[in-house]
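Novice: Fold the following.
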Amino acid sequence: MGSNNEQKPLSAEELEDLVASTDVGGRNPSNRNIALLIAALALVWSVWQVWIASPIPYILSWGVFSGKEARPIHLAFSLILAFLAYPAFKKSPRDHVPAVDWLLGILGIATTMYLVFFDSSIADSLLGSRLSDRPGNPNMVDIIVACVGVVVLLEATRRALGPPLMIVAMVFLGYTFLGPYAPGILAWKGASFGAVADHQWLSSEGVFGIALGVSTGLVFLFVLFGALLDKAGAGNYFIKVAFSLMGHMRGGPAKAAVVASGMTGLISGSSIANVVTTGTFTIPMMKRVGFSSEKAGAVEVASSVNGQIMPPVMGAAAFLMVEYVDISYFEVVKHAFVPAIISYIALVYIVHLEAMKLNMQGLDRGGDVKPMKLALLSFGITLATILILGGGIYYLSELFNLLDNSLNRLIAILILILLQVGIFKVAVEKAEEGTKAKILSKGALILCNIVIASFAIFFAVDLLRQLVGPTLTPWIAGAAVLLVYVYLVSICARYPDLVVDDPNAPITALPEPGPTVMVGLHFVLPVGVLIWCLMIERLSPELSAFWAVALMIFILLTQRRLFALFRKEASSGTFRRGFDEFIEGMIAGARNMIGIGIATASAGIIVGTVSQTGVGLVLAELVEFLSQGQILLILIFTAVLSLILGMGLPTTANYIVVSSLLAPVIVSLGQQSGLIVPLIAVHLFVFYFGIMADVTPPVGLASFAAAAVSGGDPIRTGFVAFFYSLRTAILPFLFIFNTDLLLIDVTPIQGFVVFVVATAAILLFTAGTQGYFMTKSRVWESIVLILIAFTLFRPGFWMDIISPPFEKADPAGIVEAVQNSPVGSELRFIVQGMDDVGDELVFTAVMPIGDQATGEERLEAYGLEILIEDTKVLVDNAMFDSPAQAAGLEFDQQILTILVPVSQPTKELLYIPALLLLGGIFWLQRRRQQSGISSASTA
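Specialist: Just a heads-up that it's a prediction; the model follows:
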């Protein structure tokens, strides 16, 4: 099954060097003092980041850093470590640091710390003025420092991230100076060195803007959390758990690779590191059960890259979206949850179909092996548990809040306990009927236990707040967490430690699921604390990550000693070993952040150029001209641009650039074409196609990393991985037109239905694109499966054709139309006006209908005042900070048409013909499948 041009896989040392050269720097100085200096700088950086995120400085009123101080310090660490860790060229020395690199590193520190020192009280006393005393009016020293700083940053970008981001930043920077010479609509007046230096380096609009602020305040802690979790052994634990649960299925290693990459993707921000970390184990095993080198690599690439769309970390984009979209971090996670989960489910299904095509078998577990159906059922129960833990906790907390007093909450818990007793009784009765009934009843008990435990925890914490007040509650909750940790370690200690296997060694048997899952239960606790702080306590992401990191530090320092204690083994040296792992984790977290810190700073140059030159408005006109106002063409154009930029830019930088340039364009042009697109949907759209660039040939770095592990052809691996990732590429288009997928304005019940229907749809789309359902599909069957999937994803498309949702009304009757519309519905106005440059503009404004008594009162609540002249209806005023102003309405615009909502059959009715078609295809393929089986048995 291997490729004709099979290459020799890279050794473990070569793979480690590959990750180092792309993620943390490939230099390894032979001078021990220099190596210790690099490690010490990384350690100090991590300690400083934890310090500024903690509440301790505020309690002590000492050591508090403002954003203006923290961002330059953060970038200073990134720059010095970039020059010490990344060689200038491939042939540059790796065993020592040349003098020029020392010089560049020192210049990086000097130019960044200039902003801190010369804007402090010390500079005030020595020089009589600060930087902030001359905004927009830099002196010669300021300009020189800014110019040197930008050059040093661009060189660090080239080393750490490659030439593409540096070139893009230089093009944008050049545009600020050469604006008068730009062609046509791109021309602008240009800027002086002083203006550019002030905007890009001395203000918070360019390099030290929002992106670097997010890297400083949020991203570092989450990357550090992942590094500490990995050093504690969680990475190997996730891989072993995935193999123990799924390794015995058809194509089991590939399915295990998907699940393991999904779990490690929760804590990793790097596609390449994810590919190498999990792929080192999964790719050889996939090849062993029949996958070709290219397909084994492609499965690992698709699953590892998708790790970046998994909440809560999502690379670093989740935290950037908080700032750019201006919604809470929790809302970002909520909106991203369903697309990420169904994308992973579809990838597992792709692997299953590939295994079916090749008639693969799973790996031998040793002893009794469960039948396939029971194994899939077991996986379904596991997945449902993960879903309830991850997404259901939000709805449980909302339901708990609806129970407005302690008595109601106690009654709810008692009802759940009675329900559990009933399920347990049924389980006992059904136990003798077979293993399938046992698994079903066991799964129901697990889910019921999770719900009861969640309610009990909510109730206990709420009762605790009432009894001891908000001051003591965190201390008591912290003590409870530590007790739970000790209890979990006492359970884990009963099972043998997991060893890191040699991926090239023969596999005699898969690990048993029970002991494998149990031995690392304490790793779930810090993740649970992080989710609790974010979703239930609604703490800031920084503070939530701090508490999770603090718990991880405690676990690293104590877990080995506690394991030795509970196992009654010698404990000498256990604390030292844990301390060493803690130091290694702190250093690894900082080194993992070098590229992200540099990328966000360099992307700030591009964002600063957009804000200084107004090129975003020009680009909007250009995009509108190219797309002729067609929203679908705009989306395709944006997707292609994201893929092209992403071929050389890291995901974070790609997202910053494309969202800054095109997100507002999509929203405004969508509004003009009558499609109201939420800003979060556009930002997720850009992000999804940004991560796709890690897959896409010819530059997909993750594909090259996977080929290095598998020994396959990297270009072919990239093409297969891109084909596997089609389900990820189709999702952004779907949630632009169907925002239910992002759980926008849906109830918990609706959210559950959306998840079930979307999962079915993505599986059918996968079957259609793979050309295999029950058996090999005919071409027309694949097309029908894709159409059925589209209908399930967006039934409103067909229903709007059958029964239009709006009818036109005379604008002169606007008051009557508003008054006659039912409460909660939405009126749409087709409005004509002028844009910022005086060109004619036609757009759609949405007016939600409130519960006021009259049409005039509803218009007033909306913030709209109108003037009727003969047949014309003009906007006389859109009140400040009103919904009308937010919709784009302003003085002297003309309302051309009113679109009044009309009753429409429920769009879900179209599921009926879709499911009937699916039933027909199922019947036809089932017949062919049985016919093939009969022919084979006869032969």
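
Novice: Can you list the residue ranges for helices in the stretch 651-800 of the chain?
Specialist: Counting by DSSP state H, counting those that start in this stretch, one finds helices in the stretch 651-800 of the chain at the ranges 651-672, 679-692, 701-710, 714-724, 726-737, 748-770, 779-793, 795-802.

Novice: Please compute how far stretch 210-222 lies from its chain's middle.
Specialist: Distance, stretch centre to chain centre, for stretch 210-222: 15 Å (CA atoms, centre = their mean, to the nearest Å).

Novice: cool, stretch 177-185 as well?
Specialist: The answer for stretch 177-185 is 37 Å, by CA atoms, centre = their mean.

Novice: now the strands: where do they sit in this protein?
Specialist: For the chain, strands defined by DSSP state E occupy the ranges 806-809, 826-834, 840-848, 864-869, 872-878, 894-901.

Novice: and the third one, which strands flank it?
Specialist: Taking DSSP bridges as the criterion, strand 840-848 sits next to strand 826-834 (antiparallel) in its sheet.

Novice: again, but for the fourth one
Specialist: On the basis of DSSP bridges, the sheet neighbours of strand 864-869 come out as strand 872-878 (antiparallel).

Novice: Pull the residues that contact the partner strand.
Specialist: 811-812, 814, 831, 833, 863-868, 884-885, 889-895 (CB atoms under 8 Å, 6 or more residues apart in numbering). Yep, even glycine has a C-beta here, placed from its N, CA and C like the rest.

Novice: hmm, which of those are the buried ones?
Specialist: Buried members of these, counted by 16 or more other CB atoms under 10 Å: 811-812, 814, 831, 833, 863-866, 884-885, 889, 893, 895.

Novice: Quickly check the residues you listed for the two that are furthest apart.
Specialist: For the buried ones among the contacts of strand 872-878, the maximum inter-member distance is 23.2 Å, found between A812 and Q885 (CB to CB).

Novice: Give me the below-cutoff pLDDT ranges for the stretch 101-250 of the chain.
Specialist: 121, 123-129 (pLDDT under 70).

Novice: With just CA atoms, put stretch 915-934 into CSV.
Specialist: Taking C-alpha atoms only, stretch 915-934 is exported to CSV below (Å, rounded to 0.1, in the frame of the first residue of the first chain):
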residue,chain,number,x,y,z
LEU,A,915,-34.6,11.9,4.9
LEU,A,916,-36.8,10.0,2.4
LEU,A,917,-34.1,10.4,-0.3
LEU,A,918,-31.5,9.2,2.3
GLY,A,919,-33.7,6.2,3.0
GLY,A,920,-33.8,5.4,-0.7
ILE,A,921,-30.0,5.6,-1.1
PHE,A,922,-29.6,3.5,2.1
TRP,A,923,-31.9,0.8,0.7
LEU,A,924,-30.1,0.8,-2.7
GLN,A,925,-26.7,0.5,-1.2
ARG,A,926,-27.7,-2.0,1.4
ARG,A,927,-29.0,-4.2,-1.5
ARG,A,928,-25.7,-3.8,-3.3
GLN,A,929,-23.8,-4.5,-0.2
GLN,A,930,-25.7,-7.7,0.6
SER,A,931,-25.5,-8.8,-3.0
GLY,A,932,-21.7,-8.4,-2.9
ILE,A,933,-21.5,-10.4,0.3
SER,A,934,-23.6,-13.1,-1.2
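
Novice: for that stretch, which positions count as buried?
Specialist: Buried residues in stretch 915-934 (16+ other CB under 10 Å): 918, 921, 924-925.

Novice: how about the buried ones among the contacts of strand 872-878 in JSON lines, adding distance to I801?
Specialist: Putting the buried ones among the contacts of strand 872-878 into JSON lines (distance: CB to CB, whole Å) gives the following:
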{"residue": "P811", "distance to I801": "26"}
{"residue": "A812", "distance to I801": "30"}
{"residue": "I814", "distance to I801": "28"}
{"residue": "V831", "distance to I801": "25"}
{"residue": "G833", "distance to I801": "30"}
{"residue": "G863", "distance to I801": "34"}
{"residue": "L864", "distance to I801": "31"}
{"residue": "E865", "distance to I801": "37"}
{"residue": "I866", "distance to I801": "33"}
{"residue": "A884", "distance to I801": "31"}
{"residue": "Q885", "distance to I801": "34"}
{"residue": "L889", "distance to I801": "30"}
{"residue": "Q893", "distance to I801": "30"}
{"residue": "I895", "distance to I801": "26"}
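
Novice: The buried residues of stretch 915-934 in helices, which ones?
Specialist: If you go by DSSP state H, the buried residues of stretch 915-934 have 918, 921, 924-925 in helices.

Novice: For these, give me CSV that also has distance to I802 and pLDDT.
Specialist: Putting these into CSV (distance: CB to CB, whole Å; pLDDT from 0 to 100) gives the following:
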residue, distance to I802, pLDDT
L918, 20, 91
I921, 23, 92
L924, 27, 91
Q925, 29, 89
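
Novice: what pLDDT does E294 get?
Specialist: Note on E294: pLDDT of 85.

Novice: and it, how many neighbours?
Specialist: Neighbourhood size, E294 [other CB atoms under 10 Å]: 28.

Novice: again, but for the one 5 residues further on
Specialist: For V299, the count of nearby residues is 31 (other CB under 10 Å).

Novice: do the same with the one 5 residues further on
Specialist: When neighbours are counted by other CB under 10 Å, S304 registers 34.

Novice: Just say which of the helices of the stretch 651-800 of the chain is most tucked in.
Specialist: Burial of these is given as mean neighbour count (mean count of other CB atoms under 10 Å); helix 701-710 ranks first at a mean of 28.

Novice: Output that one in PDB, but only the C-alpha positions, please.
Specialist: What follows is helix 701-710, C-alpha atoms only, in PDB (Å, rounded to 0.1, in the frame of the first residue of the first chain):
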ATOM      1  CA  LEU A 701       4.200  23.000   6.900                       C
ATOM      2  CA  ALA A 702       2.200  20.500   8.800                       C
ATOM      3  CA  SER A 703       2.100  18.200   5.700                       C
ATOM      4  CA  PHE A 704       5.900  18.400   5.400                       C
ATOM      5  CA  ALA A 705       6.200  17.500   9.100                       C
ATOM      6  CA  ALA A 706       3.900  14.500   8.700                       C
ATOM      7  CA  ALA A 707       5.700  13.300   5.600                       C
ATOM      8  CA  ALA A 708       9.000  13.500   7.500                       C
ATOM      9  CA  VAL A 709       7.500  11.100  10.100                       C
ATOM     10  CA  SER A 710       5.800   8.800   7.500                       C
END
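
Novice: And that helix, how far out from the chain middle?
Specialist: Helix 701-710 sits 22 Å away from the centroid of its parent chain (CA atoms, centre = their mean).

Novice: got the angle between it and helix 714-724?
Specialist: Put simply, helix 701-710 runs at 120 degrees to helix 714-724, going by axes from the mean of the first three to the mean of the last three CA atoms, to 10 degrees.

Novice: Can you name every helix or strand that helix 701-710 contacts?
Specialist: On a contact count with 3 or more CB pairs under 8 Å, 6 or more residues apart in numbering; DSSP states H and E, helix 701-710 meets helix 12-19, helix 271-288, helix 293-306, helix 714-724.
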